[in-house]
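S.K.: sequence and predicted structure are below.
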Amino acid sequence: MGSSLPKPEFQSHIHDKQVKRGEDIVFRCEANTDRLEATWEKDGERLYEGDRVSISQNGKDLSLKISKVKEEDEGKYTVNLRNHTDTASDSASVVVLEYDQDWRTIDWGNNHSIKKSLQEYKPSGQGPKHLRILLHGPVGVGKSSIINSINSIFQGQVKVGALSCALASTSFTKVFKTWKIIDKETGLLPFVFSDIMGLEKEDYKGVHTDDVISILKGHIKDDYKFNSSPLSKENTNYNSSPTLDDKVHCLVSVLSANSIHLLEEDHKLIKKMRDVREHASDLGIPQVVLMTHVDACLLVKNSLKNIYSSKYIKKKMQDCSNKLGVPMNCIFPVKNYSEEIQLDETVNCLILNALKRIVDFADDHVSNL
């Protein structure tokens, strides 16, 4: 009698892969014997040699190659081993980091036109002298850096005005501060940013929700130092008769792409942000989300122009939308100036496009007052 065939087993395994569109995928593994048949599947469907698929079996060494990966190649890949009596299988997943087409269009060469429209902007009708834009969000998401980045664009060089701290676990901003944007060519621009203390999950830490709501209504004066308890009407920093210029005309929530997953549905931070959004809605104030730290995605880190083909970025934006209830077309991924010492037109482009939408929303709001 002949010797029985050994049971098929894997001496080495295939592993999950993340690839860019256009790259090649290669799976390699080793069986314990060459006396077997090996087949490959994708999502349960058998793969055959041809087109962009190459299958190789050289003794115990097995390989599968998919050339010039497309989005459709994403899925679960399985290699099956079989002899007359036994079988074995091994699986791994492929994630394609990019969509085949950008899911949002942006004109990367339109910076001059957008910047010019913002330089020439004047508030509608008999409205305020300037639009007031309030930035709020958790500690460390880059609120102050957004102000610095916008000022840098209009000053023509990287600026640091609103102080920030890259490694802060508590808010670096302690007082309510209005920041004016000055263009080096045209002077003071008719929109200002209100920078506030960051939100924290503990009730006694970070900016108090009632203070944020008071800021929306224009009741808090500049340079007010935030406390664990909200500002009372008897305090000298309380503005009992706010003008239209004192009130907020657009609420901008700031979240970081690399920490959105930590904000669970029942997280106190999300509840605080939703409470502020609800009061803003009651006041008719438009709302936008800026998503920072987009270079947490390696695809985007390599080139910002990949931002609207990145699956990672779109998923993070969808997480923002689900958690805060803000529609996707009001969420804008941006990169702040952090390590750069020279301006970059792709960085500028994302910021200018977001700023233009913020100003448009705020202008619509004041024109209807």
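M.R.: Perfect, I can see it now.
S.K.: on the three-state scheme, the spatially closest residue to residue 303 that is not a sequence neighbour is what?
M.R.: The shortest distance from residue 303 to any residue other than its chain neighbours is 7.8 Å, reached at residue 346 (CB to CB, 6 or more residues apart in numbering). No exception for glycine: its C-beta is placed from N, CA and C like everyone else's. At residue 346 the chain is in helix, as set by DSSP: H, G, I helix; E, B strand; the rest coil.
S.K.: I figured residue 346 hits residue 305, correct?
M.R.: Yes: between residue 346 and residue 305 there is a contact at 6.1 Å, judged by CB atoms under 8 Å.
S.K.: what do those two both touch?
M.R.: Residues touching both residue 346 and residue 305 (CB atoms under 8 Å, 6 or more residues apart in numbering): residue 108.
S.K.: other residues contacting stretch 81-89?
M.R.: 4-10, 31, 35-39, 78-80.
S.K.: which pair in the residues you listed has the greatest spatial separation?
M.R.: Within those, two members stand farthest from each other by CB to CB: 4 and 78, at 25.8 Å.
S.K.: show me the chain divided up by domain.
M.R.: 10-96, 111-367 (automatic domain parsing).
S.K.: for those, which one ends up most surrounded?
M.R.: domain 111-367 (a mean of 18; mean count of other CB atoms under 10 Å).
S.K.: now that one, how far from the chain's geometric center?
M.R.: Distance of domain 111-367 from its chain centroid, counting by CA atoms, centre = their mean, to the nearest Å, is 13 Å.
S.K.: show me what the mean pLDDT comes to for that domain.
M.R.: Model confidence over domain 111-367, given as mean pLDDT, is 90.
S.K.: gap between the two ends of it?
M.R.: Taking CA to CA, to the nearest Å, domain 111-367 runs 26 Å from one end to the other.
S.K.: then stretch 196-213?
M.R.: Note: stretch 196-213 ends 12 Å apart using CA to CA.
S.K.: who does the closest residue to residue 43 other than its chain neighbours form a beta bridge with?
M.R.: Nearest non-adjacent residue to residue 43, counting by CB to CB, 6+ apart: residue 75, 4.5 Å away. With DSSP bridges as the criterion, residue 75 is bridged to residue 94.
S.K.: which residues touch residue 75?
M.R.: 42, 43, 93, 94.
S.K.: distance of it from residue 10?
M.R.: Distance, residue 75 to residue 10, using CB to CB, to the nearest Å: 20 Å.
S.K.: before we move on, which element is residue 65 in?
M.R.: strand 61-66 (DSSP states H and E).
S.K.: got a list of contacts for the helix or strand encompassing residue 191?
M.R.: Using DSSP H and E, residue 191 sits within strand 187-195. Residues outside strand 187-195 that contact it (CB under 8 Å, 6+ apart): 118-119, 121-123, 129-135, 143-144, 146-147, 150, 154, 162, 173, 176-183, 215, 248, 359, 362.
S.K.: list the strands paired with that strand, with their directions.
M.R.: strand 131-136 (parallel), strand 177-183 (antiparallel).
S.K.: any idea how far residue 273 is from residue 33?
M.R.: Separation of residue 273 from residue 33 (CB to CB): 59 Å.
S.K.: now the helices for the stretch 1-150 of the chain?
M.R.: Here the stretch 1-150 of the chain has its helices, by DSSP state H, counting those that start in this stretch, at 111-119, 143-155.
S.K.: quick one: the last one to strand 187-195, angle?
M.R.: This points to helix 143-155. Orientation of helix 143-155 against strand 187-195 (axes from the mean of the first three to the mean of the last three CA atoms, to 10 degrees) gives an angle of 170 degrees.
S.K.: how about residues contacting helix 143-155?
M.R.: By CB under 8 Å, 6+ apart, the surrounding residues in contact with helix 143-155 are 115, 119, 135-137, 158-164, 172-173, 179, 181-184, 189, 193, 195-196, 198, 254, 290, 292, 334, 336-338, 343, 347-348, 351-352, 355.
S.K.: and if you look at stretch 213-230?
M.R.: Stretch 213-230 is contacted from outside by 134, 174-178, 194, 196-197, 204-205, 207-211, 231, 237-240, 242-243, 246-248, 251, 275-276, 279-280, 283, 285, using CB under 8 Å, 6+ apart.
S.K.: repeat that with 6 Å
M.R.: For stretch 213-230, the external contacting residues (CB atoms under 6 Å, 6 or more residues apart in numbering) are 174-176, 178, 197, 204, 207-208, 210-211, 231, 237-239, 242, 246-248, 279-280.
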